[in-house]
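Colleague: Coordinates for the following, if possible.
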Amino acid sequence: MNRLRTSLFWKLMVAFLLVVLVAVGSVAVIARQTTASEYQRLRQNTGQSSTTGYSGTLAAYYAQYGTWDGVSSVLGGGRGQGGRGGPPLQLAGPDGILIVDTMNNEPGGTLSAAELGAGEPILVDGQQVGTLLIGGRGAAPLSQAEKSFLDRVEMALITGAIVAIVVAFGLGFLLFTGITAPLRRLINATETVAEGDLTAQVPVPNHPGDEIDQLSRAFNQMTADLAHADRLRRDMTADIAHELRTPLTVIQGNLEAILDGIYPADAEHLAPILSKAQLLNHLVEDLRTLALADAGELALHPNSMDIGHLVKRTVRDFDASAKDKGVELHSEIPLGLRSIAADASRLEQVLGILLDNALRHTPSGGKVRVRLSQDDDKTQLSVSDTGEGIPSTELPHIFERFYRLQPDSGNDGRSGLGLAIAKAIVGAHGGHIWAESQIGHGTTVTLVIP
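Modeller: Alright, predicted model coming up:
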């Protein structure tokens, strides 16, 4: 937790605060400069509006007298103020020489072109006879009241920036705590899984959440799958030991009895040994098939084949078993089926597994039906029986290894791997297989091959 807080949480907080500082600081500086600039513009515009009459008065004066002599009486001679109580004024002739300067009783001097360009031209009969400047050569100094006003504005900007930073820090703390809290729970759960407890889960909301919630759901699904796989591994190990124990016990007991002279070494006493050895070989071959399927190395030899002929032949091979049990075995195979590219021996193995299971769970007088159909892009094969059916709680598990509906029935010569092998073979062909069942009405297992 401390590692997360010092790495992710505070990195996010520092980055967030840097962004806030840059944003708030930039806004404060721009606002301060803009306020000062606009205030100066307002002062200048106010001064201009208060002296709009000067230009006309001066133009009329020059038109009447043809000279600027005595014009100071019009502008006023008060130092620092215009004659009407306005801002400082300057009047320059056409040559730029100052004629009147209310800031200086002895004007003199020549204005630059830039200064003349900032003034207001005095025109008489379309000819410029002078230039009027408001505020003197530079802006008038700010009064104490104006300075206090700008200082208060600047202090308000600084206070607002500080408040914004503090609020942003609080909001960022709450926001990033909400982000890192589920990550800390994920880290704790991951450490629990690393210690061997595969039942670890993290809380997630019921509604669709953000990426962290999706990650939490994926973690929960992963640990559930790991726990399920671990349980299957333990069960498989126990099941393999159980499957091996019975035939090995029979083989060992019969051999010891023969060696001790209790049983003669004749066909009657050697046959059970051979039978159990064949069962062991079958179990080993089934396990090998599943191991190859898990590794993606299950060998297939696909060729163009007549799927209808394969189904007919396989069903015919089970006719004797069906008659012995008193079960009606029937197939429905339409005419005109297309050939498919598949491994014939593997598909025959799958159909044999399905028929064997159907006959084994169908009582005398029942029916087993095989249906084959095709459409544009797939071939579908189903095997239905009228047996006892499979409980809905057991149905999702029938394709698992060593799974039996009656696990306490003892060793019956079957490995419990048949449907798992069927699923692996169908999957290797790019197809899928599933089962549907109702208690008392039987079961249907369907496979689809593309």
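Colleague: residues contacting residue 13?
Modeller: 169, 172-173, 176 (CB atoms under 8 Å, 6 or more residues apart in numbering). In short, each C-beta sits where N, CA and C put it, glycine included.
Colleague: Also residue 365?
Modeller: Here residue 365 is in contact with 326-327 (CB under 8 Å, 6+ apart).
Colleague: and if we set it to 7 Å?
Modeller: By CB atoms under 7 Å, 6 or more residues apart in numbering, residue 365 lies in contact with residue 326.
Colleague: How confident is the prediction for residue 1, by pLDDT?
Modeller: Note on residue 1: pLDDT of 46.
Colleague: before we move on, the earlier item: and the contacts of residue 13, which two are the farthest apart?
Modeller: Using CB to CB, these reach their maximum pairwise distance at 169 and 176, which is 10.7 Å.
Colleague: helices or strands next to the longest helix along the chain in the packing?
Modeller: Secondary structure of the chain per DSSP state H: the longest helix is helix 144-194. Packing partners of helix 144-194 (3 or more CB pairs under 7 Å, 6 or more residues apart in numbering; DSSP states H and E): helix 2-4, helix 10-50, helix 211-259.
Colleague: What average pLDDT does that helix get?
Modeller: 83.
Colleague: quick one on the thing from earlier: which one of residue 169 and residue 176 has more residues nearby?
Modeller: Higher neighbour count among residue 169 and residue 176: residue 176, with 19 against 14, using other CB atoms under 10 Å.
Colleague: ok, now how distant is that one from residue 203?
Modeller: Look at residue 176 and residue 203: by CB to CB, to the nearest Å, they are 19 Å apart.
Colleague: For the helices and strands packed on helix 144-194, give me TSV that also has distance to residue 376.
Modeller: Below are the helices and strands packed on helix 144-194 laid out as TSV (distance: least, CB to CB, whole Å):
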stretch	distance to residue 376
helix 2-4	55
helix 10-50	55
helix 211-259	35
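Colleague: Between the ones you listed, which one is closest to residue 162.
Modeller: Across these, closest to residue 162 is helix 10-50 (CB to CB), at 8.8 Å.
Colleague: Let me know the next secondary structure element after the closest one.
Modeller: Where DSSP states H and E defines the elements, the next helix or strand beyond helix 10-50 is helix 52-65.
Colleague: and that following helix, what's its mean pLDDT?
Modeller: 82.
Colleague: Please apply the same query to stretch 370-385.
Modeller: 92.
Colleague: Please renumber the chain so that the first residue is 408 from this point on.
Modeller: Sounds good: first residue 408 from here, last item stretch 777-792.
Colleague: Mind listing residues that contact that stretch?
Modeller: For stretch 777-792, the external contacting residues (CB under 7 Å, 6+ apart) are 714-715, 718, 722, 738-741, 744-745, 747, 761-762, 765, 768-769, 773, 775-776, 849-857.
Colleague: Tell me the buried residues within these.
Modeller: Buried members of those, counted by 16 or more other CB atoms under 10 Å: 714-715, 718, 722, 738, 740, 744, 747, 761-762, 765, 768-769, 773, 775-776, 849-856.
Colleague: Among the contacts of stretch 777-792, which lie within helices?
Modeller: Counting by DSSP H, the part of those found in helices is 714-715, 718, 722, 761-762, 765.
Colleague: and the residue lying closest to residue 560 once chain neighbours are set aside, how many neighbours does it have?
Modeller: Once flanking residues are discounted, residue 560 sits nearest to residue 442: 5.3 Å by CB to CB, 6 or more residues apart in numbering. Neighbourhood size, residue 442 [other CB under 10 Å]: 16.
Colleague: On the three-state scheme, residue 498 is what?
Modeller: Three-state assignment for residue 498 (DSSP: H, G, I helix; E, B strand; the rest coil): strand.
Colleague: List the contacts of it.
Modeller: Contacts of residue 498 by CB under 7 Å, 6+ apart are 465, 478, 482, 506-507, 537, 539.
Colleague: Skipping its backbone neighbours, what lies nearest it in space?
Modeller: residue 507 (4.2 Å).
Colleague: Let's verify that neighbour: helix, strand, or coil?
Modeller: Classification of residue 507 using three-state DSSP returns strand.
Colleague: residue contacts, it?
Modeller: 478-479, 482, 497-498, 514.
Colleague: Kindly indicate which of the residues you listed lies nearest residue 698.
Modeller: Among the contacts of residue 507, and counting by CB to CB, the member closest to residue 698 is residue 497, at 104.0 Å.
Colleague: Distance to residue 676 for the contacts of residue 420 - can I get that in TSV?
Modeller: Output for the contacts of residue 420, formatted as TSV (distance: CB to CB, whole Å):
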residue	distance to residue 676
576	89
579	85
580	83
583	79
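Colleague: Assign residue 711 to helix, strand or coil.
Modeller: At residue 711 the chain is in strand, as set by three-state DSSP.
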